[in-house]
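> Sharing a model that was predicted from the sequence below.
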Amino acid sequence: MTRPYIVSKADDPWSRIWFDTSPRHLAGPGDPRHVTQALRAGGWKNYADPDFPHVVLASPDFRHTLVLEPAADTYSAWWRISSQRWHASFGGNTPAEIIAGFTDALLHPAPATEPDVWPTLQVANWTYERDERGNESARHPDGITTIERRATLTSDYFSWSADVALPTGLGGHQRLWHAYFDDRTPRHLLAAFATALTDPAPVPRGHYDVPHSHLVTQVERGAQGEQLAAAHEARLKAIRAAARKARRSSAPTTHTVPAPAAELAAAAARGR
């Protein structure tokens, strides 16, 4: 059966002209396959209902899951990543490259010691503060992007959040995107998220694919269709290779146990 030609963003990266767009945290959502195909290359499987507009992925050991379900409410959590102990979520406008910093880290073994998150932000010139209750926060130089680890007013339970919110001029704010992390989220995952968030490298976006064009710089000199496709395939190939290596190293090794001397002597006698 011949497949009809239907215009879709799934035709990217060949269907448009791409611009190097920076800063990345204001560049809009980008291509979700930067996240989902990487996880599938790492061995995650898709358990989605093909007739429902969502993606449901689970790791090979079922310890981690990812659900991507677009919602009409811009404040909703489109991306939800969970384990048996913690959960994280991201809004629909969160750049895929930043989410991938978090999800790619799920494909690697946890480090022996958990890193601190805040130094990554401070090196990128974010201002850091800590109050007497232990609440911590860091603010981007643009004044509209923050990361916080904060307890609720009624308990000592902490949670993490990342917000990009534009002032409305009336004392309020318009949220561009939001991320939430349970305080039990492993710190190496949060550190990977912070590293991706502060990465100065531009990301590819179409000219009209950014939510607020006045907040970003777009230059038409970046990689185009075939180059972007090749870079994406190279990324997936590297993830597949790493996954195969991890499976080989974790596979049980079968050792031949030497037979006792008496059994060897008996076998030799039978052979004579």
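Sure thing, it's come through.

> ranges for the strands of this structure?
Using DSSP state E, the strands of the chain run over residues 18-22, 45-46, 55-58, 65-68, 77-82, 87-91, 127-130, 136-139, 145-151, 158-167, 173-182, 203-206, 217-219.

> for these, which one sits closest to His232?
Taking CB to CB as the criterion, strand 203-206 is the member of the strands of the chain that comes nearest to His232, at 10.2 Å. Every C-beta, even on glycine, is put in place using the N, C-alpha and C of the backbone.

> Show me what the closest one is packed against.
Applying 3 or more CB pairs under 8 Å, 6 or more residues apart in numbering; DSSP states H and E, one finds that strand 203-206 makes contact with strand 18-22.

> The strand it packs on pairs with which strands?
Applying DSSP bridges, strand 18-22 is found paired with strand 203-206 (antiparallel), strand 217-219 (antiparallel).

> ranking the ones you listed by burial, who's on top?
Among the strands paired with strand 18-22, strand 203-206 has the highest mean neighbour count (mean count of other CB atoms under 10 Å), at a mean of 23.

> just to revisit the earlier point, distance to Pro95 added to the strands paired with strand 18-22, as CSV?
Converted to CSV, those look like this (distance: least, CB to CB, whole Å):
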stretch, distance to Pro95
strand 203-206, 6
strand 217-219, 14
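
> residues of stretch 115-129 that come out buried?
Using 16 or more other CB atoms under 10 Å as the burial criterion, the residues of stretch 115-129 that qualify are 115, 117-118, 120-121, 124, 126.

> ok, and the closest non-adjacent residue to Pro29?
Distance criterion CB to CB, 6 or more residues apart in numbering; nearest residue to Pro29, sequence neighbours excluded, is Asn93 at 5.5 Å.

> wait, what's in contact with the residue most central in space within the chain?
Residue closest to the mean C-alpha point of the chain, counted by CA atoms, centre = their mean, is Ala100 at 2.6 Å. Ala100 makes contact with 34-35, 38, 196, according to CB atoms under 8 Å, 6 or more residues apart in numbering.
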